[in-house]
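Trainee: need coordinates for the below:
(one chain, ligands or ions: 1)
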Amino acid sequence: MDRRTFLKATCASAVLAGTGVSWAQAGLRPLPVLPMTDLMSGIDGRIMLDMRPGLHDFGNGTKSATLGINNNYLGPLLRAKQGQTLPFDVKNGIGDTTTLHWHGLHIPGDVDGGPHQEIEPGSTWSPDVPIVQHASMNWFHSHMHGKTAEQTYKGLAGVLLIEDDASLSADLPKTYGVDDFTLVLQDKMFKPSGEMDYFLTGEVFEEGFVGDTLVVNGAIAPVGQSVPTGLVRLRLLNACNARFLRLSMASGPITVIASDGGFLKAPVETESLLMSPGERYEILVDMKAVETNSLVVGFEVEAEGFFAFVTEFFGESVQELTALTLTRTADKGFDGAVPKTLANLSAPDPSAAKKTRSFTLNMGNGEELAALAANWGNVCGSGGMAINGQPMKMDRIDERVQKGDTEIWRISVDDMLHPFHIHGCSFRILSEHGAEPPAYAQGWKDMVHVENGWSEVLVKFDYDAPEHAPYMYHCHILEHEDCGMMGQFTVA
Ligand SMILES: [Cu+2]
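Mentor: The predicted model follows:
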């Protein structure tokens, strides 16, 4: 066990007051409800997604230079139904080359929006995106190699909800903006002027960019929302560049109903939920039982003063921040109970796998690796990152998968906790850090945590990803990804 792992393992739960959070939690701001573009009722022509620069006030009274999609900051909440094809016109008005990747979608490589589908400034990318998978919460973000971290941080990200017949008839809250909310959780850094800040240093390349301020749907937390008496559904996305979020409720356990790729077999009650960048979970909050309840985020903070001295020895301190406070009104809301079962989901069958592939994420920063990473267009400062010793290289295919095959992918790391993502699929986690994953991570996933020991997933690839439009697998700490902790594979 190395020093960092030791510190995390021993002290991650230490709670210290008085640590430095610059835009401290103050009054409750209203929860910004993401504007919804509902495609389920029909699509008229093409769907315009206009990527553009904007000015956005996160709630500190200062307008920050941001990027957005049809908005000043972030994108619209898109809602579509299984069976639809979404004809997007993605217009690049940001003044720099970009791409738009559909994270979580089961779609062919040539519409996946990965680093090979560059959109030049001023031009438009027009993929027809087929929605074949069942109900799930997905998202979209920049995947411009070398600039993914900065462009996504500045606001090129949004949520795509997929519904199906089962989810639309399920006995669950589903009135958007009333008892069904989508929360995009992010951490930001602000300059003393109040403007959003982003910078890259050696430490940022190593740890990923970590902000000191929690933001919910573009507003500095805590935010508040009144809801009717009944069950309330929260659909959560961790859209941080690098920060893992430890979620809990102020009152009672968290009731989890869905993970990245769809509903769990049955609701899972857990005291806390560890959510990596890129992950999605849906939870239910019982607002019949309590008058107020809050979603709380354990937020590791860099300490100052005395606490810096303490944490020098004990690792990061954790501050419990309120993300969202729900307050009940007298109105009657969703009257049902938490369902007993949610989806028909059998246990994963590893014997279906035809092949096992092994991947080791490399944090090593030797000179040779750094030179390779730089030569191959990765953005790294003076270090280098890799998978199986090879930093990302745009014109190299690392793995070739037979279409329709089920495989086991096993991932390990040489340092630190990383979130690993595979494009074009959902998978099931067989083991995480060499052990059974938490119950809430045993459904459909496209992200797995990797730290000590092997994390193993069972995955099936059903769509084509040709040589000119391969899928990616990568660490979802976006600075690691830009620095070369990414590989490419074809499916044919
Ligand atoms: Cu990483």
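
Trainee: tell me the residues of the stretch 151-300 of the chain that contact the ion?
Mentor: Taking C-beta under 5 Å from the ion, no part of the stretch 151-300 of the chain reaches the ion. All C-beta spots, glycine's among them, are computed from the backbone N, C-alpha and C.

Trainee: how about low-confidence regions in the stretch 151-300 of the chain?
Mentor: Applying pLDDT under 70 to the stretch 151-300 of the chain picks out no residues at all.

Trainee: residue of it nearest the ion, please.
Mentor: residue 208 (7.0 Å; C-beta to the ion).

Trainee: now for that residue: which residues touch it?
Mentor: 149, 241, 242, 243, 277, 477, 478, 479, 480 (C-beta atoms under 8 Å, 6 or more residues apart in numbering).

Trainee: end to end on stretch 402-411, go ahead and measure it.
Mentor: 20 Å (C-alpha to C-alpha, to the nearest Å).

Trainee: I meant stretch 389-402, not that one.
Mentor: End-to-end span of stretch 389-402 (C-alpha to C-alpha): 24 Å.

Trainee: quick one: that stretch to chain centroid distance?
Mentor: 23 Å (C-alpha atoms, centre = their mean, to the nearest Å).

Trainee: can you give me the buried ones in it?
Mentor: Buried residues in stretch 389-402, counted by 16 or more other C-beta atoms under 10 Å: 390, 391, 392, 393, 398, 399, 401.

Trainee: can you name the two of the residues you listed that sit furthest apart?
Mentor: Within these, 391 and 401 form the most distant pair, 21.2 Å apart (C-beta to C-beta).

Trainee: can you pull out the helices in the stretch 51-200 of the chain?
Mentor: Using DSSP state H, counting those that start in this stretch, the helices of the stretch 51-200 of the chain run over residues 148-154, 165-169.

Trainee: out of the ones you listed, which is closest to residue 197?
Mentor: helix 148-154 (9.9 Å).

Trainee: hmm, who's touching that closest one?
Mentor: By C-beta under 8 Å, 6+ apart, helix 148-154 touches 65-67, 94, 96, 98, 141-142, 144, 196, 198, 200, 208-209, 239, 241, 478-479, 481-482.

Trainee: likewise stretch 368-382?
Mentor: Applying C-beta under 8 Å, 6+ apart, the external contacts of stretch 368-382 come out as 145-147, 200-202, 205, 362, 365, 383-386, 389-394, 482-484.

Trainee: only whichever of those are buried, select them in ChimeraX.
Mentor: Per 16+ other C-beta under 10 Å, the buried members of the contacts of stretch 368-382 correspond to this ChimeraX selection:
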select :145,146,147,200,205,362,365,383,384,385,386,390,391,392,393,482,483,484
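
Trainee: so which of the contacts of stretch 368-382 sit within helices?
Mentor: 202, 205, 482 (DSSP state H).

Trainee: which parts of the protein belong to which domain?
Mentor: Following automatic domain parsing, the chain resolves into domains at 3-22+171-332, 30-169, 350-491.

Trainee: save those domains as a markdown table, and put in distance to residue 342 too.
Mentor: Converted to a markdown table, the domains of the chain look like this (distance: least, C-beta to C-beta, whole Å):
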| stretch | distance to residue 342 |
| --- | --- |
| domain 3-22+171-332 | 4 |
| domain 30-169 | 9 |
| domain 350-491 | 9 |
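
Trainee: phi, psi of the residue nearest the centre of the chain?
Mentor: The chain has residue 278 as the residue nearest its centroid, 1.7 Å off, counting by C-alpha atoms, centre = their mean. In terms of degrees, to the nearest 10, the main-chain angles of residue 278 are phi 100, psi -20.

Trainee: against the ion, how distant is the residue lying closest to it once chain neighbours are set aside?
Mentor: Excluding its sequence neighbours, the residue lying closest to residue 278 (C-beta to C-beta, 6 or more residues apart in numbering) is residue 476, at 3.8 Å. Noted for residue 476: a distance of 8 Å to the ion, by C-beta to the ion, to the nearest Å.

Trainee: run a quick check on residue 476 versus residue 277, I expect a contact.
Mentor: Yes. Look at residue 476 against residue 277 with C-beta atoms under 8 Å: they come within range, at 4.9 Å.

Trainee: coming back round to it: for the contacts of helix 148-154, which ChimeraX command selects only the ones that are buried?
Mentor: Of these, the buried ones can be selected in ChimeraX as follows, counting by 16+ other C-beta under 10 Å:
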select :66,67,94,98,141,142,144,196,200,208,209,239,241,478,479,481,482
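
Trainee: the contacts of helix 148-154 in strands, which ones?
Mentor: Residues of these located in strands (DSSP state E): 65, 66, 67, 141, 196.

Trainee: report the two of the residues you listed separated the most.
Mentor: Farthest pair in the ones in strands among the contacts of helix 148-154, by C-beta to C-beta: 65 and 141, 18.3 Å.

Trainee: quick one: contacts for the nearest residue to residue 158 once chain neighbours are set aside?
Mentor: Using C-beta to C-beta, 6+ apart and skipping the chain neighbours, the partner closest in space to residue 158 is residue 75 (2.5 Å). By C-beta under 8 Å, 6+ apart, the contact list for residue 75 reads 49, 68, 69, 140, 156, 157, 158, 159.

Trainee: columns neighbour count on top of these, output as TSV?
Mentor: Shown next, in TSV, are the contacts of residue 75 (neighbours: other C-beta atoms under 10 Å):
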residue	neighbour count
49	21
68	24
69	27
140	24
156	29
157	25
158	26
159	25
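
Trainee: local confidence estimate at residue 5?
Mentor: In this model, residue 5 is scored at 37, pLDDT.

Trainee: oops, could you answer that again for residue 2 instead?
Mentor: 38.

Trainee: now do residue 146
Mentor: 95.

Trainee: tell me how far it lies from the ion.
Mentor: Distance from residue 146 to the ion, by C-beta to the ion: 16 Å.

Trainee: doesn't residue 481 make contact with that residue?
Mentor: No. Counting by C-beta under 8 Å, residue 146 stays clear of residue 481, with 9.5 Å between them.

Trainee: tell me how far the host helix or strand of residue 420 lies from the chain's centre.
Mentor: In this assignment (DSSP states H and E), residue 420 forms part of strand 418-422. The chain centre lies 10 Å from the centre of strand 418-422; the measure is C-alpha atoms, centre = their mean.

Trainee: show me what the helix or strand following it packs onto, helices and strands only.
Mentor: As assigned by DSSP H and E, the chain's next helix or strand after strand 418-422 is strand 427-431. For strand 427-431, the packing partners by 3 or more C-beta pairs under 8 Å, 6 or more residues apart in numbering; DSSP states H and E come out as strand 455-460.

Trainee: how much space is there between the nearest residue to residue 429 once chain neighbours are set aside and the ion?
Mentor: Distances taken as C-beta to C-beta, 6+ apart put residue 437 closest to residue 429, at 4.4 Å, once the chain neighbours are dropped. Distance, residue 437 to the ion, by C-beta to the ion: 19 Å.
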